[in-house]
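Visitor: What follows is a predicted protein model with its sequence.
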Amino acid sequence: MLTLCPITDRDLPQIISLMERYADRPMDFADATLVHLANRERISTVFTIDFADFQTYRIAGRQRFRIVPDATLRV
């Protein structure tokens, strides 16, 4: 199942806050939006090849993402 989650102007302060929080990475707008949506929608699993960044990002306080595919499966 695929669900499209809208963002509005009301989401922008939280997205900008995430970009500031992870400025040392630096976190781009796309990653910040995905992390914000994960927090908002209570999603903890992401499908990404951006393992290094998403291993660093936290949701719901200090919870790590479950990243698919697992980094150990890389070729």
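Guide: Everything's here; your move.

Visitor: could you say which helix or strand contains the spatially most central residue of the chain?
Guide: Closest to where the C-alpha atoms of the chain average out (CA atoms, centre = their mean) is Val35, at 2.6 Å. Here Val35 sits within helix 29-41, counting by DSSP states H and E.

Visitor: Show me what that helix is packed up against.
Guide: For helix 29-41, the elements it packs on are helix 12-21, strand 58-59, judged by 3 or more CB pairs under 8 Å, 6 or more residues apart in numbering; DSSP states H and E. (Glycine included, C-beta is placed from N, CA and C.)

Visitor: hey, least reliable of those by pLDDT?
Guide: Of all these, strand 58-59 carries the lowest average pLDDT, namely a mean of 93.

Visitor: Tell me the strands beside that strand, with direction?
Guide: According to DSSP bridges, strand 58-59 forms sheet pairs with strand 63-64 (antiparallel).

Visitor: Give the next helix or strand downstream of the strand it pairs with.
Guide: Strand 63-64 is succeeded, C-terminally, by strand 66-68 (DSSP H and E).
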